[in-house]
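In: Below: sequence and its predicted model.
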Amino acid sequence: QAVFSASSVKLPAYAGVAQFGEGYSIYRIESINRPTLAADDPRVAAVVSQYSRVLAERDFAGLVAELRRRYEVSINLPAVQTN
């Protein structure tokens with residue numbers, strides 16, 4: 001995330017990330033390639049579909065978490081387990 005949020009105005013650019021228990025990593029960004037895609041490229045539709053699914057899953061997980069927070073929820077494991 002740090003690499004993608006680094007400024008591209010002046011290159012080389014540098015980004016740093018703390019590594020869990022491993023110290024710190026520094027990245028040097030020397031060039032940026034921006035590919036061009038046609039509007040009808042099937043890869044664009046695939047990414048849109050995947051992104052929509054990820055957002056829907058995130059929203060649903062948030063809804064379930066809020067419902068669990070708001071209402072008492074208990075899970076009866078024997079009732080939901082299958083043999």
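Out: Here it is on my side, so go on. Numbers count the residues shown, from 1 in each chain.
In: neighbours of the closest residue to V73 other than its chain neighbours, just the number please.
Out: Spatially, and ignoring its direct neighbours in sequence, V73 is nearest to L67 (7.4 Å; Cβ to Cβ, 6 or more residues apart in numbering). To be clear about C-beta, it is placed using only N, CA and C from the backbone, and glycine gets the same treatment. By other Cβ atoms under 10 Å, 10 other residues sit near L67.
In: Is L67 in contact with F60, as I believe?
Out: No. With contact defined as Cβ atoms under 8 Å, L67 does not reach F60; the gap is 10.6 Å.
In: could you pull out the strands for the chain?
Out: Applying DSSP state E to the chain gives strands spanning 13-19, 23-29.
In: how about the CA coordinates for stretch 62-82, as PDB?
Out: Extracted C-alpha coordinates of stretch 62-82, given in PDB (Å, rounded to 0.1, in the frame of the first residue of the first chain):
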ATOM      1  CA  GLY A  62     -20.300  -5.700   8.200                       C
ATOM      2  CA  LEU A  63     -24.100  -6.300   8.400                       C
ATOM      3  CA  VAL A  64     -23.600  -9.700  10.200                       C
ATOM      4  CA  ALA A  65     -21.100  -8.100  12.600                       C
ATOM      5  CA  GLU A  66     -23.500  -5.300  13.400                       C
ATOM      6  CA  LEU A  67     -26.400  -7.700  13.900                       C
ATOM      7  CA  ARG A  68     -24.300  -9.800  16.300                       C
ATOM      8  CA  ARG A  69     -23.300  -6.700  18.200                       C
ATOM      9  CA  ARG A  70     -26.800  -5.400  18.500                       C
ATOM     10  CA  TYR A  71     -28.600  -8.700  19.200                       C
ATOM     11  CA  GLU A  72     -27.600 -11.600  21.400                       C
ATOM     12  CA  VAL A  73     -26.500 -14.400  19.200                       C
ATOM     13  CA  SER A  74     -25.700 -17.900  20.200                       C
ATOM     14  CA  ILE A  75     -24.700 -20.700  17.900                       C
ATOM     15  CA  ASN A  76     -25.900 -24.200  18.600                       C
ATOM     16  CA  LEU A  77     -23.100 -26.200  17.100                       C
ATOM     17  CA  PRO A  78     -24.800 -29.700  17.300                       C
ATOM     18  CA  ALA A  79     -27.700 -28.200  15.300                       C
ATOM     19  CA  VAL A  80     -25.500 -26.900  12.500                       C
ATOM     20  CA  GLN A  81     -22.900 -29.700  12.200                       C
ATOM     21  CA  THR A  82     -23.400 -32.300   9.500                       C
END
